[in-house]
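A.B. asks: Fold the following for me, if possible:
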Amino acid sequence: MPIRSLCAALLLAAVALLGVPAQAANDPPLVPLTAFFANPKAAWEHRVSPDGARLAWVAMHKGRATLHFRRTEEVAAHTVETPRELRPPWGNSPSFWWSREGKRLLFLADGNGDENAHLFMVDVDAREPVARDLTPFDGVRVQYHRVLGNEQDAVVIGHNARVRRVFDLYRLNLVTGALSMLAENPGDVCSWSVTSTGQIRARFHCSADGGWSMTVPDGVGGWREVARGAYGDDLRLIGYPSGLRYAWALSNRGRSRLALVRLDLRDGSEEALYEHPSVDISVGLVHESGWLRFVASWPALQEWRFFDGALQADLAPFLRRPRTALRILSEDRQLRMITFALKSDRSDEEVYFLNRTTQQLKVLNEPSMAAWREHLADMEPVTFPSRDGLTIHGLLTLPPGAAGPRPLVLLVHGGPWARDHWGYDATVQFLANRGYAVLQVNYRGSTEFGRDFVLAGVREFGRKMHDDLIDGVRWAVARGIADEKKVAIMGASYGGYAALSGLAFTPDVFVAGVDRVGVADMISLRTDMPSYWQPYAGLLSRFYGDPDLLDERRVMAERSPINRADAIRAPLLVVQGANDVRVRRDHSDRIVAALKARNHDVEYILFDDEGHGINRTPNHLAYLRAVERFLARHLGGSEGE
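C.D. replies: Reported below is the predicted structural model:
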């Protein structure tokens, strides 16, 4: 045997004896952790100002994600030190907004993760642009609604300073900081619909039975009801055509899936305009003047339906690209300029700026992971049957070069009223690069697969919702994808509950678990919720149960991992934000204490300056470094430097 081969064989043998995971010969090179989660080239949310004169975006600067801006014709950017890092947003929710005249930037931020967000403003024409707190109210949560199209210096916000459990609407003057009330919440309004002129066109009232009603102004200073929905009915207003009679909406009333409808505000009747044949419409865009632009859905990969032919023509070349998802980020007021982002499963977003008049196209930001693309993994949509006959959708990401069964990480999304979409996911790619197959399951109760699929999750937390996850693991094992002796479960929020439940209720399936801000006690989740969640108490009671009813409280206790901690046998990593108001640190403190009391293998990381999300880059890196070490120790994957 050649000396080099002999040395390699001896090294592998020594590694095996020491129990240290070794990277397989055909595995890709390890991508640094910082490339995934603190890449200095990372930038996102490029938004053109309404007047088309400026661009703003979020990018890494000195190791933290913060706000940048420049004039469209310039190259050099100004950096604003935000009081809290602006992490990539969920879905289509922006991280910041331009004011109407395009000379001010607005963003929400709290101080320590407690979700009592304040609205901050940056004057981009100032000699030293700094973030100024426009709503310096202690213990108050501020919501941003919209700019006002007929006023250059005003926006509409909501806050709960008057009564902590509900949000009133206010007009905020950006120059003086003065607030004037637009509407007082009568006590049960859980959302408002406001036009660009500041007119309140509708409000939604949440009811104790989990349903809702919609009221509109009656023309004489009062309100009248025009629509009502039971638990499971969904109606989302997305814009208004000219006149006062109609609204554009996404609705599943009288049907299983969310469809695009024209809603008659006189009597609540609907005219269906477009419905996807298999899934909900997930997003729609209406111009502020009232005409429909597009809707989009995600059956597996993204699908679009345009109502604006010019916009469709401009974006068609990009939508024809295979395995690509597109996201419109912004347009100027005259619709001459547009910014949009493209991503694949192996690449984070590439951002473009298109002058729609001249058709001049500029790349605003290359994918930060471009240098590592060939070492990343394909994400494939999959389906499998649940044990009771439902079709479950999911996503499977296999490490490049994988052959035969691999260690599997079951990565569970939170919510549960959310879903995993196809496309680049830094956590998924990080895990795949470390040698793990990653399975994401859109279990029953997940959204965008129709009303029936959501309702199939009612009162099934810890039961059929969990069965869907286990069925996914069994599917992967049966197909030779996963090594049944090396399966871990990992998730945050409801995903953290799933991780704890996996170890407590199905201890034979998992060899390790990672719980981040996970629910350990279903009863305290309900009894300790923030006061401004109270209008949604009926909805939560219908789905989880009412802790004030003894029979339902008993069931909630039975499905709480804290009461089955003695059944947990696998090692557990727990990560918690000390200021979390959704899943309070007591959940993690108690489960860790119960496990430590019997000397169980449990690791606990508590971040004093975080809440329900791990937003600060150093904390995010510390969390994922701990995940990397933990999984390498218990599943045998690779560990970077």
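A.B. asks: Spatially, what comes nearest to Ala247 if we skip its sequence neighbours?
C.D. replies: Leaving aside its sequence neighbours, Ala247 sits nearest to Leu263 (C-beta to C-beta, 6 or more residues apart in numbering; 4.6 Å). Just so you know, the C-beta spots here come from the backbone N, C-alpha and C atoms, and that holds for glycine as well.
A.B. asks: just Phe384 next, same as before
C.D. replies: Once flanking residues are discounted, Phe384 sits nearest to Trp475: 4.1 Å by C-beta to C-beta, 6+ apart.
A.B. asks: Please tell me how far the one you found sits from Met490.
C.D. replies: For Trp475, the distance to Met490 equals 18 Å [C-beta to C-beta, to the nearest Å].
A.B. asks: Neighbour count for those two, which is higher?
C.D. replies: Per other C-beta atoms under 10 Å, whichever of Trp475 and Met490 has more neighbours is Met490, with 27 against 21.
A.B. asks: ok, that one - contacts?
C.D. replies: The neighbours of Met490, taking C-beta atoms under 8 Å, 6 or more residues apart in numbering as the test, are 409-412, 499, 513-515, 627.
A.B. asks: Against Ile238, how distant is the residue nearest to Phe384?
C.D. replies: From Trp475 to Ile238 the distance is 37 Å (C-beta to C-beta).
A.B. asks: rewinding a little: my guess is the residue nearest to Phe384 is in a helix, correct?
C.D. replies: Yes - using DSSP: H, G, I helix; E, B strand; the rest coil, the assignment for Trp475 is a helix.
A.B. asks: In the chain, which strand is the longest?
C.D. replies: Identified as the longest strand of the chain according to DSSP state E is strand 482-492.
A.B. asks: quick one: strands adjacent to it?
C.D. replies: With DSSP bridges as the test, strand 482-492 is paired with strand 406-412 (parallel), strand 512-516 (parallel).
A.B. asks: These: which one's closest to Val140?
C.D. replies: strand 512-516 (27.2 Å; C-beta to C-beta).
A.B. asks: quick check: mean pLDDT across the closest one?
C.D. replies: The average pLDDT within strand 512-516 is 98.
A.B. asks: Also stretch 463-480?
C.D. replies: 98.
A.B. asks: Now do the buried residues in it.
C.D. replies: Neighbour counts over stretch 463-480 (16 or more other C-beta atoms under 10 Å) mark 464-473, 475-477 as buried.
A.B. asks: Quick one: residues contacting Gly462.
C.D. replies: Applying C-beta under 8 Å, 6+ apart to Gly462 gives the contacts 497, 501, 505, 558-559.
A.B. asks: So what's the residue count around Phe306?
C.D. replies: 17.
A.B. asks: Show the contacting residues for the nearest residue to it once chain neighbours are set aside.
C.D. replies: Spatially, and ignoring its direct neighbours in sequence, Phe306 is nearest to Gln312 (3.8 Å; C-beta to C-beta, 6+ apart). With contacts defined as C-beta under 8 Å, 6+ apart, Gln312 is in contact with 294, 304, 306.
A.B. asks: Please identify the buried residues of stretch 396-410?
C.D. replies: Buried positions in stretch 396-410, judged by neighbour count with 16+ other C-beta under 10 Å: 396-399, 402, 405-410.
A.B. asks: before we move on, what about stretch 375-382?
C.D. replies: Buried residues in stretch 375-382, counted by 16+ other C-beta under 10 Å: 375-377, 379, 382.
A.B. asks: what does stretch 164-179 give?
C.D. replies: 166-172, 174, 179.
A.B. asks: Show me those that map onto strands.
C.D. replies: Going by DSSP E, the strands hold 168-172, 179 from these.
A.B. asks: Would you mind measuring the gap between the ends of stretch 475-486?
C.D. replies: One end of stretch 475-486 sits 15 Å from the other (C-alpha to C-alpha, to the nearest Å).
A.B. asks: what's in contact with it?
C.D. replies: Contacts for stretch 475-486 (C-beta under 8 Å, 6+ apart): 384, 396, 398, 404-408, 437, 439, 473, 487, 511, 635-636.
A.B. asks: Where is pLDDT lowest across these?
C.D. replies: Ranked by pLDDT, these bottom out at Gly404 (90).
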